[in-house]
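1. The following comprises the amino acid sequence and a computationally predicted model.
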Amino acid sequence: MHASLKPSINAGRSARIYAHGNRAHLHISCSRRALLPAGAMKPGDRAPTPNPDGGGGTKPGDDVGVGLKATWYAAEAFGKLVGGKKDVSADGHDASAGPKMTREEIIASMRDDYAEDYFVSGKGKMAAYAEDCVFADPFVSFSGTDRFKQNVGNLGGLMRDINLDVYDWKEEGDAVNTKWRFSCILDLPWRPRLAAAGGTTHIIDATSGKVVKHIENWEIEPSKVVAQLFKPSAKIPTTAAETFFMSASNGDLKGMWFGASPLLLKLSFPVVLVSLACKLATGDGLPGLGGFELAAYIAVASCSATEVIKFVDGTFGK
């Protein structure tokens, strides 16, 4: 098979695919894109499917533990919160619609999807995928192409400076294997950087003429990916949030307190003001909130002292 695709250029993104024989190279760079493989497992979802190519790294079927799976559940829920209930079929596409596709048509459709960086943005028609295609990664496994598109698309507004490079493409029997690497900055207050490399195996069912399995394996442990979420990308912190999370990643308790102090002061100071107003008006503090009121006074006193120390040290507001 000899194929090629013209470069696809969209706003803030450029994509190039070079194909020769059954191998291809795709490079995508963009200023604003989505991240993350698919979402979280729910009751009735299928168990992770082992990596067909038997490659190294972390693959579906490896036990990542309840904590990491819970993190993935939270990521899916957070994605729905920030992305809203988007209609993934708004473009009129139904993954299961249309006639049976030939192998050549499936491959061409998959190349088009990669040109749209589908698995980090949720874009692309994904016409070659069965409606109940199984999507598996080192965290979880579930069925449903629409759910996959929604999960990876919901977080698109949080991604900056994405660099996606698909550097290998192999067609072997009923499978298409790709290898990729990506990095991005999450638009959170502490701006963490995510970076990973891995591969995706696409299993084609000749009977249905559809891709029925989409299996990711990573060259990094899932726990290390999660750890990246809490480490700022900046080498020198410039905000309180960056100071807090960088200190937390280094086990620096003093730095964590310095980072948390401004926010804690903002939260506790209004409580103290209301308490003082109540005492002036009635002679008593906040009714039924004695413990909370005391904690607010302690927080204001300690945070104020901390900010004075930071001011003297030249780190005020950080």
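-> Arrived safely. Residues are numbered from 1 along each chain as shown.

2. packing partners for the lengthiest helix in the chain?
-> Once the chain is assigned using DSSP state H, the helix that runs over the most residues is helix 253-282. Contact analysis of helix 253-282 by 3 or more CB pairs under 8 Å, 6 or more residues apart in numbering; DSSP states H and E lists helix 240-250, helix 290-313 as its packing neighbours. (C-beta placed from N, C-alpha, C; glycine too.)

3. got these as TSV, with mean neighbour count and distance to Y129 columns?
-> Output for the helices and strands packed on helix 253-282, formatted as TSV (neighbours: other CB atoms under 10 Å; distance: least, CB to CB, whole Å):
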stretch	mean neighbour count	distance to Y129
helix 240-250	21	37
helix 290-313	14	52
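
4. With mean pLDDT added, can I get those in JSON lines?
-> Shown next, in JSON lines, are the helices and strands packed on helix 253-282 (pLDDT from 0 to 100):
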{"stretch": "helix 240-250", "mean pLDDT": "80"}
{"stretch": "helix 290-313", "mean pLDDT": "86"}
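
5. What sits closest to K100 if chain neighbours are left out?
-> Leaving aside its sequence neighbours, K100 sits nearest to G209 (CB to CB, 6 or more residues apart in numbering; 3.5 Å).

6. isn't that neighbour right next to E104, touching?
-> No. If you go by CB atoms under 8 Å, G209 and E104 don't touch, sitting 11.0 Å apart.

7. the more surrounded of the two?
-> G209 (17 against 10; other CB atoms under 10 Å).

8. tell me the pLDDT at that one?
-> Confidence at G209, expressed as pLDDT, is 94.

9. Next, the contact list for it, please.
-> 99-102, 106 (CB atoms under 8 Å, 6 or more residues apart in numbering).

10. Helices - which of these land there?
-> Per DSSP H, the contacts of G209 map to helices at I106.

11. Need the contacts of G209 in JSON lines (columns: distance to E221, neighbour count and pLDDT).
-> Converted to JSON lines, these look like this (distance: CB to CB, whole Å; neighbours: other CB atoms under 10 Å; pLDDT from 0 to 100):
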{"residue": "P99", "distance to E221": "42", "neighbour count": "7", "pLDDT": "75"}
{"residue": "K100", "distance to E221": "40", "neighbour count": "11", "pLDDT": "86"}
{"residue": "M101", "distance to E221": "36", "neighbour count": "18", "pLDDT": "93"}
{"residue": "T102", "distance to E221": "39", "neighbour count": "11", "pLDDT": "93"}
{"residue": "I106", "distance to E221": "32", "neighbour count": "22", "pLDDT": "95"}
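
12. And the contacts of G209, which is closest to A295?
-> I106 (61.2 Å; CB to CB).

13. Confirm for me that that closest one is in contact with M126.
-> No. I106 lies out of contact with M126 (CB under 8 Å); the separation is 11.2 Å.

14. Sketch out the low-pLDDT regions of the stretch 1-150 of the chain for me.
-> Filtered on pLDDT under 70, the stretch 1-150 of the chain yields the residue ranges 1-80, 82-98.

15. Try it again at 90.
-> 1-100, 116-124, 137-141, 147, 149-150 (pLDDT under 90).

16. what do you get for the stretch 151-300 of the chain?
-> Ranges of the stretch 151-300 of the chain meeting pLDDT under 90: 151-164, 173, 182-191, 193-196, 218, 220-265, 267-269, 271-294, 296-297, 299-300.

17. follow-up on the earlier one: dump the helices and strands packed on helix 253-282 into a markdown table; add distance to H214 as well.
-> Compiled in a markdown table, the helices and strands packed on helix 253-282 are given as follows (distance: least, CB to CB, whole Å):
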| stretch | distance to H214 |
| --- | --- |
| helix 240-250 | 32 |
| helix 290-313 | 49 |
